[in-house]
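1. sequence first, then the predicted structure, then my questions.
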Amino acid sequence: MRADAGRKYRAYPTGGQGEVLTRWGHSARALWNVALEQRVYLWEQRRYTLRSVEQCKYLTAARADLDWIGDLPAQSGQQILRQLDRAYDNFWNPEHPARFPSRKKRGHRLSVPFPGQAVEVRKVNRKWAEVRLPKVGWLRFRLSRAIGGTIRNATVSRDGSGWHVSFGVHTGRKPDAPNGKPACGVDFGVAASAFVSTEATPRLMPPSLTANEKKRLKALEQRKARQITYAKKHQGGKYSRRLRTTIAQIARLTTLRANRRRDFTHKLTTDLAKNHGLIGIEDLRVRNMSKSAKGTAESPGKNVRAKAALNRSILDNTPGERRRRLEYKTRMYGSVLVAVPPFHTSQTCAACGLVDPESRKGCGRLFACTRCEHVDDADHNASVEIEARARRTGGSDINSTRSIPRVRVPAVGRRRMREAPRPAHAS
Ligand SMILES: [Zn+2]
């Protein structure tokens, strides 16, 4: 009985609970890093692959010796090691975009995981509920939606906007029957965030920060830089309380920005999946698209700054995340997702099929076919072409052809492991 849905709620720990959870959050982060280091070391020294079942024994021994590990609930520690297993599995899986598991940095989101057996949830009233965590007791959270299933795991986390508790839930929901809605092609662009072939205007993501918020963010970044310089010069690098406040204020803004992007992406993908029977998208590799243009010291890249700006906007529009959401939402709402080869979609005439870069004179927003007089918005033209390609495949569903198997591919050595052989389509 695996978790098939996620639920996230805002949590309100008491002062004492907040202190304990913050401490655990840092211990959890450190434990992840130490466990990762142990696995890398064993592989480098003895070509030995350590998995959580065995690593849990080391954890038990360490709990007796080290106070900070002993302080963290045992079940959380074991859950972290299982998550590390998953991180490795994803990295080894050629169908999965994950890289080698990375170390968790101080100052990033703090989180403490618990297995489902370790927690218990009770409703307080219509709007509030509580979850009982080992050693901390009942933690209140705002019941903004029903949990609607069996809790398989729980995570308490803290980001720039405060504390949250999230649950992996088994709902047992069956996917809908094919919804019989019309087909469409979607061109995820940089300028227009999505152009749907059946629509006349692009769907634009509203700016994720207002002009004032952007200004404030910039000012805060400058203040942070100034305060760090001061700390290095006069305090031996020790962070002042004011500097910490600045950092928290920056985090609040960047979390807000991330939440707004996420909100837009969710609404877009839900709408697409609910209202279309077949959705064609380009089979893009985000990591290649947003690869840095920096190059090496011997052969410095061109247009580094321009590419960096483009990268920011690509990641702003997060096509990889949209695709991931479309994959599970199409499955849920009786739709079919097809990823088509992306070659020359922007240079192909949707009316007559001619491929000619000349049709995109000066790379403007207009497409004008050099053979058949077909004129259209370039992104709309591309979306129609994507839809046509998706129809041609006969609607072979991405969820059946590209399901993510949990395979393990043996890797050789740490360096090789880091730059593991990607499947041919990734290069
Ligand atoms: Zn044409």
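-> Looks like it came in fine. Numbering: from 1, shown residues only.

2. for the rest of this, base every contact and every neighbour count on C-alpha atoms.
-> Fine.

3. low-confidence stretches in the stretch 151-300 of the chain?
-> By pLDDT under 70, the weakly predicted segments of the stretch 151-300 of the chain are 190-192, 285-300.

4. roughly how far apart are the residue nearest the centre of the chain and the ion?
-> Nearest to the mean C-alpha position of the chain, by Cα atoms, centre = their mean, lies E321 at 6.0 Å. E321 is 33 Å from the ion, where distance means Cα to the ion, to the nearest Å.

5. can you show me the helices along this structure?
-> With helices called from DSSP state H, the chain shows them at 15-46, 52-65, 67-71, 74-92, 211-234, 241-275, 286-289, 304-317, 319-332, 378-392, 398-401, 414-418.

6. and of those, who's closest to G180?
-> helix 241-275 (9.1 Å; Cα to Cα).

7. what sits against N381?
-> Residues near N381 by Cα atoms under 8 Å, 6 or more residues apart in numbering: S197, S346, C349, A350, F367.

8. now with 10 Å?
-> Contact partners of N381, counting by Cα atoms under 10 Å, 6 or more residues apart in numbering, are 187, 195-197, 345-351, 366-368, 374-375.

9. burial measure for K135, as a count.
-> K135 has 11 neighbouring residues, counting by other Cα atoms under 10 Å.

10. likewise the one 10 residues further on?
-> Other residues near R145 come to 11 when the count uses other Cα under 10 Å.

11. rewinding a little: which among the contacts of N381 count as buried?
-> Neighbour counting over the contacts of N381 (16 or more other Cα atoms under 10 Å) leaves 187, 195-197, 345-350, 366-368, 375 as the buried ones.

12. what's opposite the nearest residue to R109 once chain neighbours are set aside in the beta bridge?
-> Distances taken as Cα to Cα, 6 or more residues apart in numbering place D159 nearest to R109, at 4.9 Å, with adjacent residues excluded. With DSSP bridges as the criterion, D159 is bridged to G162.

13. up against the ion, what does the stretch 301-427 of the chain have?
-> Residues of the stretch 301-427 of the chain lying close to the ion (Cα under 5 Å from the ion) are C349, C352, C369, C372.

14. surely L256 and K214 touch.
-> No - contact criterion Cα atoms under 10 Å: L256 and K214 do not qualify, at 11.6 Å.

15. and the closest residue to V156 other than its chain neighbours, how many neighbours?
-> Among residues not flanking V156 along the chain, V165 sits closest, at 4.4 Å (Cα to Cα, 6+ apart). The burial count assigned to V165 is 23, neighbours taken as other Cα under 10 Å.

16. and the residue nearest to K105 when sequence neighbours are not counted, what pLDDT?
-> Nearest in space to K105, with sequence neighbours left out and distances taken as Cα to Cα, 6+ apart, is R29 at 7.6 Å. In this model, R29 is scored at 96, pLDDT.

17. need the contact list for the residue of the stretch 201-350 of the chain found nearest the ion.
-> Relative to the ion, the nearest point of the stretch 201-350 of the chain is C349 (4.6 Å; Cα to the ion). Shown in contact with C349 (Cα under 10 Å, 6+ apart): 355-356, 359, 367-376, 378, 381-382, 384-385.

18. could you redo the last one with a cut-off of 6 Å?
-> For C349, the contact set (Cα atoms under 6 Å, 6 or more residues apart in numbering) is empty.

19. give me the domain ranges for this protein.
-> Following automatic domain parsing, the chain resolves into domains at 5-170, 183-396.

20. residues in the chain within reach of the ion, list them.
-> C349, C352, C369, C372.

21. by neighbour count, which of these wins?
-> For the residues of the chain next to the ion, the largest number of neighbours (other Cα under 10 Å) sits with C349, at 28 neighbours.

22. and T330, how many neighbours does it have?
-> Neighbourhood size, T330 [other Cα under 10 Å]: 29.

23. swap that for R132, please
-> Applying other Cα under 10 Å, we find 15 other residues in the vicinity of R132.

24. ok so, going back, the residue nearest to R109: neighbouring residues, count only.
-> Using other Cα under 10 Å as the criterion, D159 is surrounded by 17 other residues.

25. distance of it from the ion?
-> 51 Å.

26. do R145 as well
-> Distance of R145 to the ion, given as Cα to the ion: 51 Å.

27. got phi/psi on that residue?
-> phi -160, psi 160 (degrees, to the nearest 10).

28. and what of S240?
-> Torsion angles, degrees, to the nearest 10, at S240: phi -80, psi 170.

29. grab the nearest non-local neighbour of it.
-> With Cα to Cα, 6+ apart, the residue lying closest to S240 is A231, at 7.3 Å.

30. swap in T348?
-> Going by Cα to Cα, 6+ apart, T348 has V355 as its nearest residue, at 4.4 Å.

31. so the one you found sits right up against T345, yeah?
-> No - if you go by Cα atoms under 6 Å, V355 and T345 don't touch, sitting 8.6 Å apart.

32. by proximity to the ion, which residue of the stretch 51-200 of the chain wins?
-> Residue nearest to the ion within the stretch 51-200 of the chain: S197 (16.8 Å; Cα to the ion).

33. and that residue, what does it touch?
-> If you count contacts by Cα under 6 Å, 6+ apart, S197 has them with C184, G185, H380, S383, V384.
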